[in-house]
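*Asks:* okay, here's the prediction I keep looking at, along with the sequence it came from:
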Amino acid sequence: MINSEIFFSIKDEVISVIEEALLQLFINYPENYVLFIASGEYNEFIAKNERVLASPYTISAHNLDSYYDYTREKFLCEFLNTHYRFTDEKELKDDEYRMSIEFLIYTHIWEAKVFLKRLYRLANLLTGKEYDWKFNNKKVKSKLINEDIVSPFKSANCLLGNIIENNYKTELRNAIAHSDYQIDIDYKKFDYASKTRDTVSFDEWSILFSYSVCLSYYFSTIFTGRRKRIIQDWGQNSFTIKMPFSDGTVRHARIHYVEDRDDFDFCR
């Protein structure tokens with residue numbers, strides 16, 4: 001299984017690549033960087049409710065997203081603090097029980113709507129596309145990840161594409177989700193059902209899991225940190241974004257960051 005040196009090397013690599021991707025967006029597309037950090041979102045409830053006289057194009061969707069993703073991220077944090085601190089030992093022992101939990105975490109990571117939505121938006125913004133307010137969560141996950149996330153990241157020469165491509169395995173994720181696998185603790189491997197039948201060693205699995213869990217955890221924490229320091233980064237608390245309006249036009253709107261609430265509002 002993985003040792004502390006390899007795990008913390010993966011952690012540092014993932015953090016560096018995430019920071020580089022956000023810096024790339026900040027420098028090349030500053031207006032869309034603000035909109036990304038402000039979590040612009042098309043609200044279906046407002047759009048369908050005729051009694052609500054407000055635009056369905058909203059900001060600060062991070063409040064709702066964080067609420068829905070809180071339980072998963074809390075569990076993820078507690079799991080890492082329990083098993084991946086490497087305080088008492090420098091290498092994890094083979095543990096069938098812990099690996100079963102890792103399987104659960106791995107499938108949740110690559111199904112998590114908030115995580116995939118942010119990756120999708122960042123990937124496409126880096127290719128110069130306009131901000132996509134309406135995230136299509138009904139697309140087959142393998143196509144969403146490979147075609148709409150990995151491909152644009154790679155087109156933008158962003159190494160996040162390589163990390164995701166190397167560590168998201170569609171057939172492995174499906175096999176775990178449907179319990180089509182068998183752990184062999186004696187031979188330090190597990191077999192899983194695919195188009196044929198594949199085998200993954202414990203060492204190989206620990207790399208796949210470490211990259212995935214670090215990407216999920218640190219993408220969220222770095223995103224949150226970037227939001228909280230936006231005044232420091234820009235030297236101001238009000239910003240201009242492009243916003244669709246009900247008449248079909250796209251116009252500029254002013255928003256501002258409210259530091260004591262860690263929130264964005266439209267300027268009145």
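*Replies:* Done, it's in. A quick note: this is a predicted structure, and the numbers were derived from the prediction, not measured.
*Asks:* next one: residue 133, what pLDDT does it get?
*Replies:* Note on residue 133: pLDDT of 93.
*Asks:* what sits closest to it if chain neighbours are left out?
*Replies:* residue 42 (4.3 Å; C-beta to C-beta, 6 or more residues apart in numbering). Every residue, glycine included, has its C-beta placed from N, CA and C.
*Asks:* measure that neighbour to residue 175 for me?
*Replies:* 35 Å (C-beta to C-beta, to the nearest Å).
*Asks:* one more: residue 250?
*Replies:* Counting by C-beta to C-beta - residue 250 and residue 175 are separated by 44 Å.
*Asks:* between these two, which is the more surrounded one?
*Replies:* residue 175 (22 against 10; other C-beta atoms under 10 Å).
*Asks:* the more buried one and residue 181 touch, don't they?
*Replies:* Yes - with contacts counted by C-beta atoms under 8 Å, residue 175 reaches residue 181, the gap being 5.2 Å.
*Asks:* which neighbours do the two share?
*Replies:* 192-193 (C-beta atoms under 8 Å, 6 or more residues apart in numbering).
*Asks:* next one: phi and psi at the residue sitting nearest the centre point of the chain?
*Replies:* Of all residues in the chain, the one closest to the mean position by C-alpha atoms, centre = their mean is residue 115, 3.1 Å from it. When read as degrees, to the nearest 10, the backbone of residue 115 gives phi -60, psi -50.
*Asks:* and the spatially closest residue to it that is not a sequence neighbour, its phi and psi?
*Replies:* Spatial nearest neighbour of residue 115, chain neighbours left out: residue 216 (5.7 Å); criterion: C-beta to C-beta, 6+ apart. With angles defined as degrees, to the nearest 10, residue 216 sits at phi -60, psi -50.
*Asks:* what's the helix or strand bottoming out on mean pLDDT in the chain in contact with?
*Replies:* Ranked by mean pLDDT, DSSP states H and E, the weakest helix or strand in the chain is helix 44-48, scoring a mean of 80. With C-beta under 8 Å, 6+ apart as the test, helix 44-48 has contacts from 52, 54-56, 58.
*Asks:* please enumerate the helices of this protein.
*Replies:* All helices of the chain, identified by DSSP state H, fall at 4-28, 30-37, 44-48, 62-83, 96-109, 113-126, 141-145, 151-155, 160-167, 170-177, 202-228, 230-234.
*Asks:* how about the contacts made by the residue nearest to residue 115?
*Replies:* Here residue 216 is in contact with 76, 109, 112, 115 (C-beta under 8 Å, 6+ apart).
*Asks:* with residue 228 instead?
*Replies:* residue 262.
*Asks:* now do it against residue 201, distance only.
*Replies:* Going from residue 228 to residue 201 by C-beta to C-beta gives 41 Å.
*Asks:* now residue 167
*Replies:* From residue 167 to residue 201 the distance is 15 Å (C-beta to C-beta).
*Asks:* between these two, which is the more surrounded one?
*Replies:* Between residue 167 and residue 201, counting by other C-beta under 10 Å, residue 167 is the more crowded of the two (22 against 14).
*Asks:* relative to residue 160, how far out is the more buried one?
*Replies:* Counting by C-beta to C-beta - residue 167 and residue 160 are separated by 11 Å.
*Asks:* which neighbours do those two share?
*Replies:* Common neighbours of residue 167 and residue 160 (C-beta under 8 Å, 6+ apart) are residue 215.
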